[in-house]
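A.B. asks: heads up, no residue letters with this:
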Ligand SMILES: [Zn+2]
């Protein structure tokens with residue numbers, strides 16, 4: 001049996017300075033307690049999520065949700081220093097497994113019809129969507145979806161070269177540009193990104209996103225010349241493999257321009273579906289009534305924004321919001337989704 005009394009008496013005789021290690025031990029104990037509480041918190045989150053989701057399921061209300069992801073990698077990215085920080089494949093796997101057990105997974109083109117046709121007691125429909133021509137759709141996401149028998153939609157541009165924000169990320173990560181290299185991006189903003197200050201690269205990307213297309217092309221050209229090892233894009237054969245595996249391929253425009261900044265003719269040309277796609281995602285998730293009318297006139301069944309909203313009876317089929325959930329833990333993911341669909 002351990003003797004607890006003796007060390008306490010010994011410590012009591014020591015001067016104050018010598019007793020400091022005890023405080024260190026208490027801090028460690030506190031960190032240990034927090035770590036030990038994680039499964040408890042996750043269990044509480046899953047219980048709360050299940051109650052909300054069951055309530056949504058019982059109701060006769062039109063409800064559903066589209067979720068948007070970008071890249072997926074073996075390790076989760078850094079949201080403070082990456083424009084589109086990837087989700088971790090193992091965490092996505094856990095989240096998709098949860099969805100497959102609790103929700104009705106559907107393609108983006110079918111989400112609104114599924115939400116409207118659902119009867120009380122039936123599962124709430126959810127559409128998984130993956131934006132941009134990223135090789136990780138095939139490499140990391142497709143195996144996860146196949147494992148769970150989950151359908152999904154990829155919104156693709158048919159890109160042959162990396163997008164400007166991928167080149168910007170690579171250029172900053174590799175320090176392949178100097179702070180004054182990308183006018184009209186303020187040198188102070190690019191310097192902060194190169195110093196890896198939290199949120200700085202997102203500020204630079206925001207500036208470039210708002211430029212006129214020709215100015216943005218010029219910056220993309222400069223970045224392309226600066227980057228020695230450009231990131232890969234999804235190959236045509238990989239997109240075809242996704243379609244063969246049951247993915248819906250939606251359209252995301254060829255150039256990924258901000259549609260709200262285009263004139264009417266350019267807007268119409270940008271949204272025209274090249275291969276009869278039924279679903280569309282607005283570049284940068286941004287659209288208003290004019291862009292929605294263009295997507296409707298182009299014949300899409302559904303067009304998706306980046307507004308973090310679930311589907312309701314009021315959802316415009318050409319302005320459907322998408323939730324951008326973190327999948328860091330299944331409990332948090334499940335609760336965020338359940339709150340959105342139950343509208344709490
Ligand atoms: Zn995009």
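C.D. replies: Nice, I can see it. Note that the structure is predicted; figures quoted are calculated from it, not measured.
A.B. asks: Near the ion, which residues of the stretch 51-200 of the chain? Just list them.
C.D. replies: For the stretch 51-200 of the chain, the residues in contact with the ion (Cβ under 5 Å from the ion) are 131, 132. The C-beta positions use only the backbone N, C-alpha and C, and glycine is treated the same way.
A.B. asks: Please enumerate the helices of the stretch 51-200 of the chain.
C.D. replies: If DSSP state H, counting those that start in this stretch is used as the criterion, the helices of the stretch 51-200 of the chain fall at 89-102, 111-117, 136, 142-148, 164-173, 187-194, 200-209.
A.B. asks: what comes into contact with the fifth one?
C.D. replies: The list of residues contacting helix 164-173 from outside it, by Cβ atoms under 8 Å, 6 or more residues apart in numbering, reads 82-84, 162, 176-177, 190, 193-194, 201, 204-205, 208, 216, 219-220, 223-224, 226-227, 229-231.
A.B. asks: Quick check: which ranges of the stretch 51-200 of the chain have low pLDDT?
C.D. replies: For the stretch 51-200 of the chain, applying pLDDT under 70 flags no range at all.
A.B. asks: and the strand of greatest length in the chain with helix 89-102, angle?
C.D. replies: Longest strand in the chain, counting residues (DSSP state E): strand 125-131. Relative orientation of strand 125-131 versus helix 89-102 (axes from the mean of the first three to the mean of the last three Cα atoms, to 10 degrees): 160 degrees.
A.B. asks: Centre of the chain to strand 125-131, how far?
C.D. replies: Distance of strand 125-131 from its chain centroid, counting by Cα atoms, centre = their mean, to the nearest Å, is 10 Å.
A.B. asks: For the contacts of helix 164-173, which ChimeraX command selects only the ones that are buried?
C.D. replies: To isolate the buried members of those in ChimeraX, using 16 or more other Cβ atoms under 10 Å:
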select :82,83,84,162,176,177,190,193,194,201,204,205,208,216,219,220,223,226,227
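A.B. asks: follow-up on the earlier one: please name every helix or strand in contact with the longest strand of the chain.
C.D. replies: Strand 125-131 sits against strand 65-69, helix 89-102, strand 104-106, helix 111-117, strand 153-156, with contacts defined as 3 or more Cβ pairs under 8 Å, 6 or more residues apart in numbering; DSSP states H and E.
A.B. asks: Okay, buried residues for stretch 324-340 please.
C.D. replies: Of all the residues in stretch 324-340, those buried under the rule 16+ other Cβ under 10 Å are 325, 327, 329-340.
A.B. asks: Now those in CSV, please, with extra columns for secondary structure and pLDDT.
C.D. replies: Shown next, in CSV, are those (DSSP: H, G, I helix; E, B strand; the rest coil; pLDDT from 0 to 100):
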residue, secondary structure, pLDDT
325, coil, 90
327, coil, 94
329, coil, 94
330, helix, 96
331, helix, 96
332, helix, 96
333, helix, 97
334, helix, 97
335, helix, 97
336, helix, 96
337, helix, 98
338, helix, 97
339, helix, 96
340, helix, 96
